[in-house]
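Colleague: Sequence and computational prediction follow.
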Amino acid sequence: CTLYPDQVDQVIAAGKNVVVFFYHPSCNLSRKVQPVLERLCTRVKNTVFCQVMCGKNDSQKGSVKAYHDSNFIDEASSAEKVRNLVDKLRLL
């Protein structure tokens, strides 16, 4: 799902496993991470995958944050770390 920044807290509060991808279309890191998340979101059950487009200079762009039962679990900023982060969620 695509969210606006002000909707993120509502989704985190309502979901069990939530993966939020903060991206910007011109960010090289975002372009590398996005296809990984798109593949994972079709394979991982009981997890909500969301993306939030950041401003061009936003420090969060290119990062992925994971939550379990509304609690922050971890953050990743590379494709490999994103895969590991989602694997960690599967174990919870």
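Modeller: The structure has been received and is ready for your questions. Numbering: from 1, shown residues only.
Colleague: dump the residue contacts of residue 84.
Modeller: By C-beta atoms under 8 Å, 6 or more residues apart in numbering, the contact list for residue 84 reads residue 76. Backbone N, C-alpha and C define where each C-beta goes, glycine included.
Colleague: which secondary element of the protein has the worst mean pLDDT?
Modeller: strand 2-3 (a mean of 74; mean pLDDT, DSSP states H and E).
Colleague: Show me what that one packs onto, helices and strands only.
Modeller: Packing partners of strand 2-3 (3 or more C-beta pairs under 8 Å, 6 or more residues apart in numbering; DSSP states H and E): strand 47-53.
Colleague: gap between the strand it packs on and the chain center?
Modeller: How far strand 47-53 lies from its chain's middle: 5 Å, per C-alpha atoms, centre = their mean, to the nearest Å.
Colleague: Parallel or antiparallel, which strands does the helix or strand following it pair with?
Modeller: Using DSSP states H and E, the next helix or strand after strand 47-53 towards the C-terminus is strand 63-68. With DSSP bridges as the test, strand 63-68 is paired with strand 17-23 (antiparallel), strand 71-76 (antiparallel).
Colleague: Please compute how far the very next helix or strand once past the last one lies from its chain's middle.
Modeller: Yep, that's strand 71-76 we're talking about. Downstream of strand 71-76, the next assigned helix or strand under DSSP H and E is helix 79-91. A distance of 11 Å separates the centroid of the chain from that of helix 79-91, by C-alpha atoms, centre = their mean.
Colleague: likewise stretch 61-71?
Modeller: 6 Å.
Colleague: Would you work out how far apart the start and end of that stretch are?
Modeller: End-to-end distance of stretch 61-71 (C-alpha to C-alpha, to the nearest Å): 21 Å.
Colleague: Determine the longest helix present in this protein.
Modeller: Using DSSP state H, we find that the single longest helix of the chain is helix 28-43.
Colleague: List the contacts of the residue nearest in space to the middle of the chain.
Modeller: Centroid-nearest residue in the chain: residue 20, 2.6 Å away (criterion: C-alpha atoms, centre = their mean). For residue 20, the contact set (C-beta under 8 Å, 6+ apart) comprises 3, 8, 11-12, 50-52, 64-67.
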